[in-house]
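A.B. asks: only geometry, no sequence info:
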């Protein structure tokens, strides 16, 4: 099974990172976009929990590792060019560190359209 | 009106590009991920049709300019960090140059899960 993974060839590019979109598998809502290294992808596949690579902290991280707002990955899809991933997930709590369900909680004009589902001051201490 | 745009501050980063997710506004399906320059975003806002920036061709392009498979942009959302966009669109035909409705038509294991909606040999001559 381990050997049969990654049947679709991926193109991680020069910086060895690929964008991954997290989509609520039930509602279709787009919850966040983050970056994935080969190690983050392997950790996601091995645990069933979404892992990403933080460009600012320069480290692998498990979504929800500190907040408990984990993402159970039900399916991973790959785009035509192999340079973007779609994590189809069950989101515990909210995806956004601001307390919103989705990181995409605002329109470009600044209108808030998303739903706040937790108080970040209580979750991140 | 022109002056009031971009109320949410965007972070285009060093290479002046930001990833944009195109999502079917009716079904919630994620159709593609591409990159947007400030000029591509302005063209999108000015025309209501999705524009992107091709990293391989190094040029601004309008989605569907040659295929006719344009994307009418109904809403643009911004993520919490201002470094990713969500284009909520009406997709004419298919988003993928391979003929599928979505570029994310395969699982990472290589199973085809998407719907083919046109014959690329007939659309791109």
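C.D. replies: That came in fine, so what should we check first? Note that the coordinates shown come from a computational prediction; the quantities given were computed from them, not determined experimentally.
A.B. asks: distance of the closest residue to residue A:10 other than its chain neighbours from residue B:108?
C.D. replies: The shortest distance from residue A:10 to any non-neighbouring residue, by C-beta to C-beta, 6 or more residues apart in numbering or on different chains, is to residue A:82 (4.8 Å). Every C-beta, even on glycine, is put in place using the N, C-alpha and C of the backbone. The gap separating residue A:82 from residue B:108 is 10 Å, by C-beta to C-beta, to the nearest Å.
A.B. asks: list residues touching both of those two?
C.D. replies: Contact criterion C-beta atoms under 8 Å, 6 or more residues apart in numbering or on different chains; residues shared by residue A:82 and residue B:108: residue A:8.
A.B. asks: the more surrounded of these two?
C.D. replies: Relative neighbour count places residue B:108 above the other of residue A:82 and residue B:108, with 21 against 16, counting by other C-beta atoms under 10 Å in any protein chain shown.
A.B. asks: for the longest helix along chain A, packing partners?
C.D. replies: The helix that spans the most residues within chain A, counting by DSSP state H, is helix A:38-47. Judged by 3 or more C-beta pairs under 8 Å, 6 or more residues apart in numbering or on different chains; DSSP states H and E, the packing partners of helix A:38-47 are strand A:51-54, strand A:59-62, strand A:71-78.
A.B. asks: off-centre distance for it?
C.D. replies: Its chain's average C-alpha position is 12 Å from that of helix A:38-47, according to C-alpha atoms, centre = their mean, to the nearest Å.
A.B. asks: the residue nearest to residue A:10 touches residue A:7, doesn't it?
C.D. replies: No. Contact between residue A:82 and residue A:7 fails when scored by C-beta atoms under 8 Å: they sit 11.0 Å apart.
A.B. asks: give me the phi and psi angles of the residue nearest to residue A:10.
C.D. replies: phi 70, psi 20 (degrees, to the nearest 10).
A.B. asks: ok, it - contacts?
C.D. replies: Residue A:82 is in contact with A:8, A:9, A:10, A:11, counting by C-beta under 8 Å, 6+ apart.
A.B. asks: quickly note the distance from the third one to residue A:72.
C.D. replies: The one in question is residue A:10. If you measure residue A:10 against residue A:72 using C-beta to C-beta, the figure is 22 Å.
A.B. asks: check the last one too.
C.D. replies: Here residue A:11 is placed at a distance of 26 Å from residue A:72 (C-beta to C-beta).
A.B. asks: more neighbours, those two?
C.D. replies: residue A:72 (16 against 11).
A.B. asks: for that one, list each beta-bridge partner.
C.D. replies: residue A:49, residue A:90 (DSSP bridges).
A.B. asks: pretty sure it contacts residue A:49?
C.D. replies: Yes. With contact defined as C-beta under 8 Å, residue A:72 and residue A:49 form a contacting pair (6.5 Å).
A.B. asks: skip the chain neighbours and tell me the closest residue to the residue lying farthest from the centre of chain A.
C.D. replies: In chain A, the residue that sits farthest from the middle, by C-alpha atoms, centre = their mean, is residue A:109; the gap is 24.7 Å. In this structure, residue A:109 finds its nearest non-sequential neighbour in residue B:7, 5.4 Å apart by C-beta to C-beta, 6+ apart.
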